[in-house]
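> whatever this is, show me its structure:
(one chain, ligands or ions: 1)
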Amino acid sequence: MTEQRDFDAIFVGGGVIGLSCAWRVARDGARVAVLDRAEPPAGATRVAAGMLAPVGELAFGEPELLEMTLASAALYPEFVAELEAASGESTGYASQGALHIALDRDEAAELRRVHDLQRSLGLEAEWLPPRRCRELEPGLTPSFNGGVHAPGEAAVDPRALTRALLAALRKAGAEVIAAGEGEPGSSEVVDGIFEGERLLGVRTAAGEELRAETTVLATGAWSGQTAWLPEHARPPVRPVKGQIVELRARDGAAPCERIVASERVYLVPRPDGRLIVGATSEEQGFDTAVTAGGVHELLREAYRLLPDVAEMELVDSMAGLRPCTPDNLPLIGPGAIEGLVLATGHYRNGILLAPLTAEAIAAVLAGEQLPEAVAPAHPARMSLVAQRATKDMCTVASSAADATTDRAAELAARGAALAAAAEAAERAAPDRAAEEPG
Ligand SMILES: Cc1cc2nc3c(=O)[nH]c(=O)nc-3n(C[C@H](O)[C@H](O)[C@H](O)COP(=O)(O)OP(=O)(O)OC[C@H]3O[C@@H](n4cnc5c(N)ncnc54)[C@H](O)[C@@H]3O)c2cc1C
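Have a look, this model is predicted:
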């Protein structure tokens, strides 16, 4: 006989997003189940470097994303403090800052442009000459052209974070059904349970039925592959492959104190002396092979930045799939059918955006509006993407169905204005000569 169980909410996918959202609502007393076909940490979360770096990750033309990443970074200290207290486990959170280095004149010109944008948006970032950079990180290469110090950036260990979330969820009475506890793949969601177009729950490969008022889709890069949902309800998410290398200091101390990055690579020190070197960005479908070329590129660029990495032990190399949407913003909010909620598409910022996404999903499950910063991530925008490309924000606003999408359109319009200001700042920036190499 098929076993059937009832919950308030089911989370499909036990990556950082599914687990964070589930923990947030379980804490409020909801009966929660999380399903993953693998044993967490898996998916992109297992591979991620764990940078919480809204300033350094800032890109031209992504003002809504910046608003989201800043809001989530502000939630992080309280999120990890509560999680560590609830679970008794460390998350490896460290607020050590970041230093972005320009290795030559071209990189300096580019970094200056980004720094101008950071300053125009009031972000905490200071341009430093090579001597000042080396005072912060004495292991830097002898010759480079300056850098940007972003003291507010932080990092977390995504695998430790996952272990803490699992422990906290179990203490909160949530059910976590993952492959490790049964046959491999037995906990994979293979079917939806429907009444007409309404989603009532899911069925696993082992034949278990779980029912709930709401099913939250948090399957990361696989969210577009959900054959168990009607085609129009599958979110437009594609995988973007990223490779990383993990090194360990043989004397126990990583060769840098803070995140150190160049145009091509970033180095994230862990409190236990490991150093994460990331990351490639490749359109390779669902391929997760670690390649000789990928590892070579990461190690070469890491060595150009911090020569001491050559003495480190090579511990591991991994590839993961970032869940990417057509406009690089996540999809957070009601899905296309009743009973379905989306928490996916977090691309290169899923670790950073986890606390904010959890707040947003708790609000959606409580029947409240999305928090202001999350409004641009409302899934309703996906049918609006083509219109957004025409920059006709009035059309977007008038076609929006509810107050939240109105807000999304308003923020998108504000975003377009910010982007235009940034572009103007970029055009006006003097073509500075790079500093003398130090
Ligand atoms: C190399 C690399 C470096 C990164 N660095 C950073 C960083 O420094 N900072 C940052 O913020 N972000 C970073 N990211 C991005 C971040 O890892 C992702 O955005 C985030 O992990 C996405 O989390 P998720 O829970 O949505 O997906 P995932 O972590 O991929 O989890 C999805 C889960 O769903 C499960 N699943 C899929 N289908 C099913 C099914 N049918 N049934 C049951 N389970 C299913 C999978 O097994 C998986 O565990 C990085 C990513 C990569 C690849």
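> how about the residue of the stretch 151-300 of the chain at minimum distance from the ligand, what does it touch?
Nearest residue of the stretch 151-300 of the chain to the ligand: Gly220, at 2.4 Å (CB to the nearest ligand atom). Placement of C-beta: from N, CA and C, glycine included. Each residue near Gly220 by CB atoms under 8 Å, 6 or more residues apart in numbering is listed here: Gly13, Gly15, Ile17, Gly43, Ala44, Thr45, Val237, Leu321, Pro323, Thr344, His346, Gly350.
> burial of the nearest residue to it once chain neighbours are set aside, as a residue count?
Excluding its sequence neighbours, the residue lying closest to Gly220 (CB to CB, 6 or more residues apart in numbering) is Pro323, at 4.4 Å. Pro323: 29 surrounding residues under other CB atoms under 10 Å.
> Pro323 and Gly43: what is the separation?
As defined by CB to CB, to the nearest Å, Pro323 lies at a distance of 9 Å from Gly43.
> now the residue nearest the centre of the chain: how far from Gly278?
Nearest to the mean C-alpha position of the chain, counting by CA atoms, centre = their mean, stands Gly350 at 1.6 Å. Taking CB to CB as the measure, Gly350 falls 14 Å from Gly278.
> kindly report the same for Val240.
Where Gly278 is concerned, Val240 sits at a distance of 13 Å (CB to CB).
> looking at those two, which is more packed in?
Gly278 (25 against 19).
> mind listing what the more buried one touches?
Neighbouring residues of Gly278 by CB under 8 Å, 6+ apart: Ala49, Gly242, Gln243, Ile244, Val245, Val265, Tyr266, Val268, Leu298.
> work out for me the element the fifth one sits within.
When you say that, I think you mean Val245. Here Val245 sits within strand 238-248, counting by DSSP states H and E.
> quick one: strands adjacent to the very next helix or strand once past that strand?
Per DSSP H and E, the first helix or strand lying C-terminal to strand 238-248 is strand 259-261. As defined by DSSP bridges, the strand partners of strand 259-261 come to strand 98-101 (parallel), strand 266-269 (antiparallel).
> what does the stretch 51-200 of the chain have sitting close to the ligand?
Counting by CB under 6 Å from any ligand atom, the stretch 51-200 of the chain comes close to the ligand at Met51, Glu188, Val189.
> 8 Å instead, please
Counting by CB under 8 Å from any ligand atom, the stretch 51-200 of the chain comes close to the ligand at Met51, Leu52, Ala53, Glu57, Ala155, Pro158, Ser187, Glu188, Val189, Val190.
> list the contacts of the nearest residue to the first one once chain neighbours are set aside.
Looking back up the chat, that one is Met51. Nearest non-adjacent residue to Met51, counting by CB to CB, 6+ apart: Ala155, 5.3 Å away. Applying CB under 8 Å, 6+ apart to Ala155 gives the contacts 49-53, 92-94, 96, 259, 268-270.
> at 10 Å what do you get?
The contact partners of Ala155, taken as CB atoms under 10 Å, 6 or more residues apart in numbering, are 49-53, 92-98, 258-259, 268-271, 276, 351-352.
> any of the residues you listed buried? List them.
The neighbour-count test (16 or more other CB atoms under 10 Å) marks 49-53, 92-98, 258-259, 268-270, 276, 351-352 as buried among the contacts of Ala155.
> give me the subset of these lying in helices.
Ile351, Leu352 (DSSP state H).
> mean pLDDT added to the strands paired with strand 259-261, as CSV?
Shown next, in CSV, are the strands paired with strand 259-261 (pLDDT from 0 to 100):
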stretch, mean pLDDT
strand 98-101, 98
strand 266-269, 98
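> with distance to His149 added, can I get those in JSON lines?
Shown next, in JSON lines, are the strands paired with strand 259-261 (distance: least, CB to CB, whole Å):
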{"stretch": "strand 98-101", "distance to His149": "5"}
{"stretch": "strand 266-269", "distance to His149": "15"}
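> what residues does the stretch 301-438 of the chain have near the ligand?
Looking at the ligand, the residues of the stretch 301-438 of the chain close enough under CB under 8 Å from any ligand atom are 318-323, 343-354.
> filter those residues down to the buried ones, ChimeraX style.
To isolate the buried members of these in ChimeraX, using 16+ other CB under 10 Å:
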select :318,319,320,321,322,323,343,344,345,346,347,348,349,350,351,352,353,354
